[in-house]
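Chemist: Please find the sequence and the predicted model below.
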Amino acid sequence: KVRVFTASEMNDHLDRHPEQLKQLLLKQNQRLRGLTEKLLRVGTQSVHKRLAYWLCERGSERIAITHHELAAQLATTRESVSKALGQFRRQKLVRSGRGLVEVLDPMGLAALVEGP
């Protein structure tokens, strides 16, 4: 069940429960930091590096996702994702097929993230 608070009800609640205010602020700080890092990556890193980072961040060997969905996650085009995945396949870093990306060499992807 979801309850909607007015601004004054929320302020009163947080005044009575400062520990929840602290948790709320910490969560918002984490979200803001994540968004800031994502904006920096989008603005300064190549699609290859952003894709390698995204794959490493998932920590899973098999990821169910389409090229179109990946492009949306990485703020790029489907064509750019396909090109980067093609290069990763040739380097034997990943295997990909319909709606699936399988990480074959997580250390190799991590090296791309850390490299120039």
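Modeler: Arrived safely, thanks for sending.

Chemist: Domain-wise, how is this structure divided?
Modeler: Following automatic domain parsing, the chain resolves into domains at 1-44, 46-116.

Chemist: can I assume residue 61 is in contact with residue 102?
Modeler: Yes - counting by CB atoms under 8 Å, residue 61 touches residue 102, with 6.1 Å between them. C-betas here are computed from N, CA, C, even on glycine.

Chemist: Tell me the backbone dihedrals of the residue positioned nearest the centre of the chain, please.
Modeler: In the chain, the residue lying closest to the centroid (CA atoms, centre = their mean) is residue 54, at 5.4 Å. The phi and psi torsions at residue 54 (degrees, to the nearest 10) take the values phi -60, psi -40.

Chemist: Wait, it touches residue 71, no?
Modeler: No - between residue 54 and residue 71 there is no contact, the gap being 11.0 Å when judged by CB under 8 Å.

Chemist: which of the domains of the chain sits most buried?
Modeler: Mean neighbour count (mean count of other CB atoms under 10 Å) peaks for domain 46-116 among these, with a mean of 16.

Chemist: any idea how far residue 4 is from residue 63?
Modeler: Per CB to CB, to the nearest Å, residue 63 is found 36 Å from residue 4.

Chemist: make that residue 99, sorry
Modeler: Distance from residue 99 to residue 4, by CB to CB: 37 Å.

Chemist: Kindly report the same for residue 68.
Modeler: 34 Å.
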